[in-house]
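*Asks:* pasted the sequence and its predicted model underneath.
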Amino acid sequence: MKELERKRKGEGEGREAAPESYNTVTKLIAGPFAKEVAQIWPGPRLGEYLTATDTRRHVWHLWFSSRRMSFRPDNPMSTELAYAQLTFGRSKDLITQATGSQPAGLIRALGRLGPKARPARVYRALATILATDGPGAKFIRHAAVLPDDLILGLATLPPGLEAKSVLRLFQKGRLPPYALGYFTWSLARLEKLMGSSAAQSIVAARNPLEAIRDAILDLPFPDPPWPGNSLLRPVTARDRLKKVGDDFENCLRGFHRERQSVLTVINGVEYLYEWCGHEPALLLFQRVGSIGWFLKEARGRKNAEVSDETRAEILKSLASASSLCPVWDLGEEVWHSDGFFQEHVIFSGM
């Protein structure tokens, strides 16, 4: 009995040493999985983890990353079961447990991740890419190095879309990895809408990502909520929006603000109207579902406030448009009860 107590005490001392290892070597190599490693390989066992091959350690990291596993590092029984499973289990079996399949090339790819652990989402992304077996998988199998941003970027590639031209752009350093999925899908959609020549021009551009953004922003504006009249004229194109910004000398002249405004218009969220009365003004309407549009902002040249007389004229003109709310200052208290539109101050300036 005394011998058993001494043995248990020795095991306890071994586990008490884990936090020290966790704070130094374990944290350096195991990174986000340092807690799990310190619990499964405490004290003298830590050498088993540290002396394992990079490939084997990354198989363990993949196992930790999986949402399929129910390992609990704070439960001694779960820890002992995990130790036996990870120590004696075949890498292929552990991968099957972690991913539910055997993605071709996964073990080899794990062996090229280097000595240190990667974030959990990188392991999940790598397994997903290779399980999908699309263009991203082929790229992974032939890549000499596998940085995190590349793996995460390849994981965003939409399945079923041609990505060879996009991946060539990335290989040449002309496209960042985070934009791979967005660029591939957008290019396919623009090619369908505008033709292959438009897509080829984007790919051939000096900055393809900037070119595809411009192509999207140059899409036609949707029909205005109200056709307007001789005094109230909708801004129906990007070129006209730029011209209005220059004429009014307001923030629409700014590169980012102009782009943001165009995007909100083509997304059907906002619409701009020019007031062509004695005192010119620019009106910004925001959509309220299928009900209509309310006046969010109205300013004159250089963001100046408009006079009371012009306000009255604008409201009179709006009264003939059923889809436009003929109220000058809705006030955020209208939506205060549920917080809806609480962030908008109707006459806050443009």
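*Replies:* Nice, thanks for sending it over.
*Asks:* only C-alpha atoms from now on, for both contacts and neighbour counts.
*Replies:* OK.
*Asks:* need the three-state assignment for L295.
*Replies:* Here L295 is strand, with the state taken from DSSP: H, G, I helix; E, B strand; the rest coil.
*Asks:* measure the closest residue to it other than its chain neighbours to G228 for me?
*Replies:* Excluding the flanking residues, the one nearest L295 by C-alpha to C-alpha, 6 or more residues apart in numbering is F285, at 4.6 Å. Separation of F285 from G228 (C-alpha to C-alpha, to the nearest Å): 13 Å.
*Asks:* what's the answer for T96, then?
*Replies:* 63 Å.
*Asks:* so Y49 sits against R57, correct?
*Replies:* Yes - using C-alpha atoms under 8 Å, Y49 makes contact with R57 at a distance of 7.0 Å.
*Asks:* in the chain, what residue spans correspond to strands?
*Replies:* 232-234, 270-275, 281-288, 292-299 (DSSP state E).
*Asks:* export those to CSV and tack on mean neighbour count, distance to S65 and mean pLDDT?
*Replies:* Below are the strands of the chain laid out as CSV (neighbours: other C-alpha atoms under 10 Å; distance: least, C-alpha to C-alpha, whole Å; pLDDT from 0 to 100):
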stretch, mean neighbour count, distance to S65, mean pLDDT
strand 232-234, 20, 53, 95
strand 270-275, 23, 43, 95
strand 281-288, 20, 43, 93
strand 292-299, 22, 47, 90
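*Asks:* tell me which of those lies nearest to P176.
*Replies:* Across the strands of the chain, P176 has its closest neighbour in strand 270-275 (30.7 Å, C-alpha to C-alpha).
*Asks:* packing partners of the closest one?
*Replies:* strand 232-234, helix 255-266, strand 281-288 (3 or more C-alpha pairs under 8 Å, 6 or more residues apart in numbering; DSSP states H and E).
*Asks:* those into a markdown table, with extra columns for distance to P177?
*Replies:* Listed next are the helices and strands packed on strand 270-275 as a markdown table, based on distance: least, C-alpha to C-alpha, whole Å:
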| stretch | distance to P177 |
| --- | --- |
| strand 232-234 | 39 |
| helix 255-266 | 23 |
| strand 281-288 | 35 |
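*Asks:* out of those, nearest to T310?
*Replies:* Closest approach to T310 among these is made by strand 281-288 (8.8 Å; C-alpha to C-alpha).
*Asks:* I'd like to check the angle between the closest one and helix 255-266, please.
*Replies:* Here strand 281-288 runs at an angle of 50 degrees relative to helix 255-266 (axes from the mean of the first three to the mean of the last three C-alpha atoms, to 10 degrees).
*Asks:* what are the contacting residues of strand 281-288?
*Replies:* For strand 281-288, the surrounding residues in contact (C-alpha atoms under 8 Å, 6 or more residues apart in numbering) are 248, 268-275, 293-301, 306.
*Asks:* if we use 6 Å, what do you get?
*Replies:* Strand 281-288 is touched from outside by 269-275, 293-300, with contacts defined as C-alpha atoms under 6 Å, 6 or more residues apart in numbering.
*Asks:* can you tell me how far the spatially most central residue of the chain is from G153?
*Replies:* Geometric centre of the chain, nearest residue: Y178, 8.5 Å, by C-alpha atoms, centre = their mean. In this view, Y178 and G153 are 5 Å apart by C-alpha to C-alpha.
*Asks:* show me where the stretch 201-350 of the chain has helices.
*Replies:* All helices of the stretch 201-350 of the chain, identified by DSSP state H, counting those that start in this stretch, fall at 208-217, 238-248, 255-266, 308-318.
*Asks:* now the ones you listed as TSV including mean pLDDT and distance to T128?
*Replies:* Below are the helices of the stretch 201-350 of the chain laid out as TSV (pLDDT from 0 to 100; distance: least, C-alpha to C-alpha, whole Å):
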stretch	mean pLDDT	distance to T128
helix 208-217	95	25
helix 238-248	94	40
helix 255-266	93	32
helix 308-318	89	54
